[in-house]
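>>> dropping a prediction and its sequence here:
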Amino acid sequence: ADLELCLQLLLPPMTLAALANSWLQEDCPSLNFAALVTQAAPAQAALWAKSPGVLAGRPFFDAIFAQLSCQVSWFLPEGSKLAPVVKVAEVRGPVQYLLLGERVALNTLARCSGIASAAAAAVGVARGTGWTGHVAGTRKTTPGFRLVEKYGLLVGGAASHRYDLGGLVMVKDNHVVAAGGVETAVQRARQAADFALKVEVECSTLQEALRAAEAGADLVLLDNFKPEELHPTAAALKARFPSLAVEASGGITLSNLPRFCGTHIDIISLGMLTQAAPALDFSLKLFAEGTTPVPHARRS
């Protein structure tokens with residue numbers, strides 16, 4: 001319950017309302033002909049989880065139906081492990097509005113839960129090795145849907161990494177080329193960051209990483225290193241700069257993640273947590289008072 005409250009406090013109500021409104025307008029920008037099929041009457045629907053994973057996205061689901069004068073009653077808290085088939089919530093409101101929000105709400109919940117599930121799986125694999133560093137996402141998110149995806153990472157127990165370009169001064173390979181060298185790039189980044197932001201530098205060799213650290217980088221991203229190269233490189237960096245944080249990224253999946261976990265690695269970031277996470281399967285079914293039919297689970 002404490003975790004759920006903390007997560008909800010992260011999401012400003014006006015931001016949720018604005019997002020929900022934009023999604024609903026995208027789905028129905030003009031006439032809703034299907035509404036003519038229904039009669040203007042109160043209705044209720046059951047939300048069913050039909051695939052295993054982690055439940056995430058309740059605030060977005062609530063915000064969508066709040067825009068449509070519908071009320072949601074939840075039976076499971078945010079972050080719950082889903083064992084299908086299970087009834088997760090009930091939605092009540094005018095039938096034409098309930099159906100208007102159905103697909104938008106399901107899409108959001110399914111996608112957010114899928115990312116939370118992938119994040120939880122990655123954290124579980126990393127912790128299984130005894131490693132205690134940060135499993136993180138990346139900025140590889142869907143345009144317009146970043147808040148949901150970053151939130152899903154947090155529900156799954158992963159770090160969200162920088163939310164946007166203003167959260168951390170990340171000096172990538174193209175920045176180094178544009179600046180004319182690592183030292184110049186880091187010096188300019190330090191001036192821009194001032195005291196408020198950290199500076200991280202993407203590096204492809206030990207020599208480049210050492211120059212970045214000497215120039216004042218707070219973090220070094222060892223990008224696309226093979227595990228057998230990664231760990232000695234990180235050890236050499238820590239020997240010279242003990243307070244330097246080292247992040248590993250590039251080509252990391254759930255299957256090879258344990259090979260990247262090591263004493264000198266502080267952060268492991270995986271783009272696949274947002275780019276490749278499969279959506280969970282949910283359905284919203286109308287029911288008459290006193291009856292709650294159970295849908296079939298999705299076949300694997």
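It's in. The model shown is predicted, which means the values in this text are computed figures rather than measured ones. Residues are numbered from 1 along each chain as shown.
>>> count the residues that sit near Gly133.
Using other CB atoms under 10 Å, the number of residues around Gly133 comes to 21. Glycine gets a C-beta too; all of them are placed from N, C-alpha and C.
>>> state the pLDDT value of it.
What the model reports as pLDDT for Gly133 is 97.
>>> pretty sure it sits against Cys261.
Yes: Gly133 is in contact with Cys261 according to CB atoms under 8 Å; the separation is 7.3 Å.
>>> need the overlap of contacts for the two.
Ala126, Ile268 (CB atoms under 8 Å, 6 or more residues apart in numbering).
>>> contacting residues around the residue of the chain positioned farthest from its centre?
Going by CA atoms, centre = their mean, the residue of the chain most distant from its centre is Gln39, 38.5 Å out. Counting by CB under 8 Å, 6+ apart, Gln39 touches Val95.
>>> likewise for Met14?
Listed by CB under 8 Å, 6+ apart, Met14 has no contact partners.
>>> can you tell me the element it falls in?
helix 13-27 (DSSP states H and E).
>>> just the buried residues of that helix, please?
For helix 13-27, burial by neighbour count (16 or more other CB atoms under 10 Å) applies to Leu16, Leu19, Ala20, Trp23, Leu24.
>>> coming back round to it: next up, phi/psi of the residue farthest from the centre of the chain, please.
Backbone geometry at Gln39, expressed as degrees, to the nearest 10, gives phi -110, psi 150.
>>> quick check: it vs Pro94, distance?
10 Å (CB to CB, to the nearest Å).
>>> count the residues that sit near Cys6.
Neighbourhood size, Cys6 [other CB under 10 Å]: 10.
>>> relative to Lys150, how far out is it?
Cys6 is 15 Å from Lys150, by CB to CB.
>>> isn't Glu208 right up against Glu183?
No: Glu208 lies out of contact with Glu183 (CB under 8 Å); the separation is 10.4 Å.
>>> the two - which one has more neighbours?
Comparing Glu208 with Glu183 by neighbour count (other CB under 10 Å), the higher total belongs to Glu208, at 18 against 15.
>>> part of a helix, is the more buried one?
Yes: looking at Glu208 with DSSP: H, G, I helix; E, B strand; the rest coil, it is inside a helix.
>>> skipping adjacent residues, who's closest to it in space?
Nearest residue to Glu208 in three dimensions, chain neighbours excluded: Val182, at 5.7 Å (CB to CB, 6 or more residues apart in numbering).
>>> list the contacts of that neighbour.
Val182 makes contacts with Val171, Val176, Val201, Cys203, Glu208, Arg211, Ala212, Ala215, as judged by CB under 8 Å, 6+ apart.
>>> mind running it again at 7 Å?
When contacts are counted by CB atoms under 7 Å, 6 or more residues apart in numbering, Val182 is found next to Val176, Val201, Glu208, Arg211, Ala212, Ala215.
>>> for Leu36, same thing?
Contacts of Leu36 (CB under 7 Å, 6+ apart): none.
>>> how far away is it from Ala43?
For Leu36, the distance to Ala43 - CB to CB - is 16 Å.
>>> again with Ser160
37 Å.
>>> and these two? Which one has more around it.
Neighbours per residue (other CB under 10 Å) separate Ser160 from Ala43, with Ser160 holding more: 22 against 19.
>>> that one and Glu149 touch, don't they?
No: using CB atoms under 7 Å, Ser160 makes no contact with Glu149, being 8.8 Å away.
>>> quick one: contacts of the helix or strand bottoming out on mean pLDDT in the chain?
Least confident helix or strand of the chain, by mean pLDDT, DSSP states H and E, is helix 2-9 with a mean of 75. Helix 2-9 is contacted from outside by Pro59, Pro77, Glu78, Gly79, Leu154, Val155, using CB under 7 Å, 6+ apart.
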